[in-house]
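In: no sequence on this one, just coordinates:
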């Protein structure tokens, strides 16, 4: 029978050393740190990447029992912008048949030197006009009329101009009179 030698006695026989069983505990501190870093990273990126949208006020649904009543609006406060094909933009102030002084139909380009400068000067004159009438809160009203030949980019560009100039009231209308169609086509 073989003798198991666990001591340190001097013989030349094979020494068998028993390995000590260690506790197999894993340190999860680094994993917890990584989890918190990932959570904060994703929270930060989701708050920074919120979608931006433009506010658009739409009328309530019409009640069929109510009759359509025309609303009288001061012509001096109204500007109509017609959007045509090939980035054409025409504006007039008041009614097309009887424009306000200085409001005859005129073609403009998009951008700060074009329609934006016109909107700013018109906004200033409308505020002066409203203040003189005793109603300083009445601002400019812009009616945007995109034609069937205009593109989506032009509509977005003019809506951006409304936001930049801070026009208080504007509406998108797709109702063209024959005179307005002739004006856009240049006839």
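Out: Happy to help now that I have it. Bear in mind that the values here come from a model prediction, so they are computed numbers and not experimental data.
In: Tell me how far residue 132 lies from residue 144.
Out: Distance, residue 132 to residue 144, by C-beta to C-beta, to the nearest Å: 27 Å. Where C-beta positions appear, they are placed from N, C-alpha and C, glycine not excepted.
In: The two: which has the busier surroundings?
Out: Neighbours were counted for residue 132 and for residue 144 using other C-beta atoms under 10 Å; residue 144 has more, 21 against 9.
In: Pop out the phi and psi values for residue 89.
Out: Backbone torsions of residue 89, given as degrees, to the nearest 10, read phi -140, psi 120.
In: and it, how many residues sit next to it?
Out: Residue 89 has 22 nearby residues by other C-beta under 10 Å.
In: Check residue 141 too.
Out: Using other C-beta under 10 Å, residue 141 has 18 other residues around it.
In: wait, what's in contact with it?
Out: Counting by C-beta atoms under 8 Å, 6 or more residues apart in numbering, residue 141 makes contact with 73, 77, 78, 79, 169, 170, 171.
In: same thing with residue 102?
Out: residue 93.
In: which outside residues touch the worst-scoring helix or strand of the chain on mean pLDDT?
Out: Least confident helix or strand of the chain, by mean pLDDT, DSSP states H and E, is helix 178-185 with a mean of 80. In this structure, residues lying in contact with helix 178-185 by C-beta under 8 Å, 6+ apart are 80, 82, 84, 88, 90, 96, 97, 105, 145, 147.
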